[in-house]
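In: below are the sequence and a predicted model for it; my questions follow.
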Amino acid sequence: MEIRRDKYLDLLIHSCGNGLIKVITGMRRCGKSYLLFTLFKNYLIKQGVKEDHIIGVNLENRLNKSLRDPDALLQYIDSRLSSDGQYYVMLDEVQMVSEFEDVLNSFLSISNVDVFVTGSNAKFLSKDVITEFRGRGDEIHVRPLTFREVADFRDDYSQDMIREYMLYGGLPQVVLENDVNKKVSYLEQQMEHTYLRDIKERYEVRQDSDLSELVDIMASCVGGLTNPPKIADTFKSVKHSSISVDTIRLYLEYMEDAFVLERVIRYDIKGRKYIDSPFKYYFEDLGLRNARLGFRQVEPTHMMENMLYNELRAIGMKVDVGQVFTEVKIEDGSRQRKTLEIDFVCNRGYERVYIQSAYAMETEEKRDQELASLRKLRDGFRRIVIVNGIQPTYMNEEGVYIINLMDFLRDPEKYMEERV
């Protein structure tokens, strides 16, 4: 039984023949190669494409070391091309070819060749990778498996499945592994020996202990507002390190470029403007975050918030942290300005949805706390609170949708596009 990646497969299918280099990006081990060399290749063959018209090269394979030379690679592919029909060139780990940008741009002049490439190290995972192809690249960003993809594969939509997903994440190899100890070992090794090593090698990071400590700090503050000066203070007080604010800022950018972390900016909803600092950071895969902390700080409220953020990004939402301001009366009778937070302000085209993540709303006080910020909104966009447990999905008397977590995870798009 295979893990389906229908969304990304459809994107590849619809990108065929668009005259651009298809660049499949994403964090390491998220399934890019499997998507291209198994799912997409099988699709082409079923459509009647001859196998000799699909030219695939795994450049990470030692047997193909000679093809890491750009001229040798060009000659190898050119020798397999003719004017007879459409050809599909697939290059895995293309960053292992020196001057790979020129190699890929060379194919653009060949009318019957469609080029698809993946890359996995930090050099290739830079967010500005498309600029390397002079505006001729079409990026398809692949993320780890969503909850729905995992639950469909396992045929298991249970609370236990939610807990397992929040604990071990959605890297395909982890999902395929049944032994818990092997899951844990894999996640620990990948963070240290793959993701961080890529960053260290690309940017020649010398104080690698500071980088490792920074990863630990970010893993501990998921869902909390922070910024480089605040993190520098933590280094001084807890780690007794004098790392500079500028260095912290650079290290955070490195982790974003490698798709390990994503930064979320605050947005003043009524003022319609962005607030520069502080920010929130979320891990693109929760299993990596938890493994980094030895699975000790598994706080369900923050884990659920991080999971929902990833689910929203997976369906193409741009996500900000919302803020609204109100005045409250204090003991002496005067009024004081108070900031209320909305976990996610989700935008996609003309769509906007406001979402609160609530692990539980067991008391009236907690319910008022989660609804307080949403009650201040009067712009007509959908307002949602997502709640874990057995809470049924319904719309309350204030027009706010209270959505059960499992209902949302089964079909996030449904709650973004239509009424419950």
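Out: Here it is on my side, so go on.
In: how far off centre is stretch 297-314?
Out: Using CA atoms, centre = their mean, to the nearest Å, the mean C-alpha position of stretch 297-314 is found 12 Å from that of the whole chain.
In: any buried residues in it, and which?
Out: Across stretch 297-314, burial judged by 16 or more other CB atoms under 10 Å covers 297, 302-314. In this view, the C-beta of every residue, glycine as well, is placed from N, C-alpha and C.
In: and these, which is closest to Glu51?
Out: Closest approach to Glu51 among the buried residues of stretch 297-314 (CB to CB): Ala314, at 32.2 Å.
In: wait, isn't that closest one in contact with Thr146?
Out: Yes. Using CB atoms under 8 Å, Ala314 makes contact with Thr146 at a distance of 5.0 Å.
In: for burial, what's the neighbour tally of Leu39?
Out: Using other CB atoms under 10 Å, Leu39 has 18 neighbouring residues.
In: isn't there a strand covering it?
Out: No. Counting by DSSP: H, G, I helix; E, B strand; the rest coil, Leu39 falls outside a strand, being helix.
In: how close does it sit to Met90?
Out: Distance, Leu39 to Met90, by CB to CB, to the nearest Å: 12 Å.
In: and the nearest residue to His302 once chain neighbours are set aside, what's its pLDDT?
Out: What sits nearest to His302 in space, not counting adjacent residues and going by CB to CB, 6 or more residues apart in numbering, is Gly223, at 4.3 Å. You'll see Gly223 listed with a pLDDT of 90.
In: pull the contacting residues for Gly223.
Out: 280, 282, 301-302, 305-306 (CB atoms under 8 Å, 6 or more residues apart in numbering).
In: wait, a helix at Phe344?
Out: No. Secondary structure of Phe344 (three-state DSSP): strand, not part of a helix.
In: without its sequence neighbours, what residue ends up closest to Val400?
Out: Among residues not flanking Val400 along the chain, Arg383 sits closest, at 4.7 Å (CB to CB, 6+ apart).
In: doesn't that neighbour lie inside a strand?
Out: Yes. Assessed with three-state DSSP, Arg383 lies in a strand.
In: partners of it in the sheet?
Out: Per DSSP bridges, the residues bridged to Arg383 are Tyr354.
In: next up, identify which helix or strand Asp114 is on.
Out: Using DSSP states H and E, Asp114 sits within strand 113-118.
In: can you give me the buried ones in whichever helix or strand comes after that strand?
Out: Downstream of strand 113-118, the next assigned helix or strand under DSSP H and E is strand 137-141. Residues of strand 137-141 classed as buried: 137-138, 140-141 (neighbour count, 16+ other CB under 10 Å).
In: likewise for stretch 266-279?
Out: Buried residues in stretch 266-279, defined by neighbour count with 16+ other CB under 10 Å: 266-267, 269, 278-279.
In: again with stretch 184-203
Out: Buried, per 16+ other CB under 10 Å, within stretch 184-203: 184, 186-188, 190-191, 194-196, 198-200, 202-203.
In: and stretch 71-85, by the same measure?
Out: Across stretch 71-85, burial judged by 16+ other CB under 10 Å covers 73-74, 77.
In: equivalent analysis for stretch 391-398, please.
Out: Within stretch 391-398, the residues scored as buried using 16+ other CB under 10 Å are 391, 393.
In: quick one, strands of the stretch 251-400 of the chain?
Out: 261-268, 273-283, 318-329, 335-348, 351-358, 382-387, 394-395 (DSSP state E, counting those that start in this stretch).
In: shared neighbours, Ala314 and Thr146?
Out: Contacts common to Ala314 and Thr146, judged by CB under 8 Å, 6+ apart, are absent.
In: what residue ranges in the stretch 51-200 of the chain score low on pLDDT?
Out: 120-135 (pLDDT under 70).
In: residue ranges for the strands of it, please.
Out: Using DSSP E, counting those that start in this stretch, strands in the stretch 51-200 of the chain cover 54-58, 87-92, 113-118, 137-141.
In: for these, which one ends up most surrounded?
Out: Highest mean neighbour count among the strands of the stretch 51-200 of the chain (mean count of other CB atoms under 10 Å): strand 113-118, with a mean of 24.
In: what helices and strands are in contact with that strand?
Out: In terms of contacts (3 or more CB pairs under 8 Å, 6 or more residues apart in numbering; DSSP states H and E), strand 113-118 is packed against strand 21-25, strand 87-92.
In: paired strands for the longest one, with orientation please.
Out: So the one you mean is strand 87-92. As defined by DSSP bridges, the strand partners of strand 87-92 come to strand 54-58 (parallel), strand 113-118 (parallel).
In: who wins for proximity to Leu35 among these?
Out: That would be strand 113-118 among these, by CB to CB, at 8.2 Å.
In: quick one, the closest one and strand 137-141 angle?
Out: Interaxial angle, strand 113-118 versus strand 137-141 (axes from the mean of the first three to the mean of the last three CA atoms, to 10 degrees): 40 degrees.
In: give me the nearest residue to Arg289, chain neighbours excluded.
Out: The shortest distance from Arg289 to any non-neighbouring residue, by CB to CB, 6+ apart, is to Phe283 (3.9 Å).
In: contacts only, for that neighbour.
Out: Phe283 touches 218-219, 222, 260-261, 289, 306, counting by CB under 8 Å, 6+ apart.
In: for Arg249, same thing?
Out: Shown in contact with Arg249 (CB under 8 Å, 6+ apart): Pro228.
In: pLDDT averaged over the helix or strand containing it, what's the number?
Out: Taking DSSP H and E as the definition, Arg249 sits inside helix 245-257. Helix 245-257 carries an average pLDDT of 93.
In: quick one, that helix and strand 261-268 angle?
Out: Here helix 245-257 points in a direction 110 degrees away from that of strand 261-268 (the same axes, to 10 degrees).
In: give me the domain ranges for the protein.
Out: Domain assignment for the chain by automatic domain parsing gives 6-141, 147-296, 318-417.
In: straight-line length of the second one, end to end?
Out: When you say that, I think you mean domain 147-296. Start and end residues of domain 147-296 are separated by 22 Å (CA to CA, to the nearest Å).
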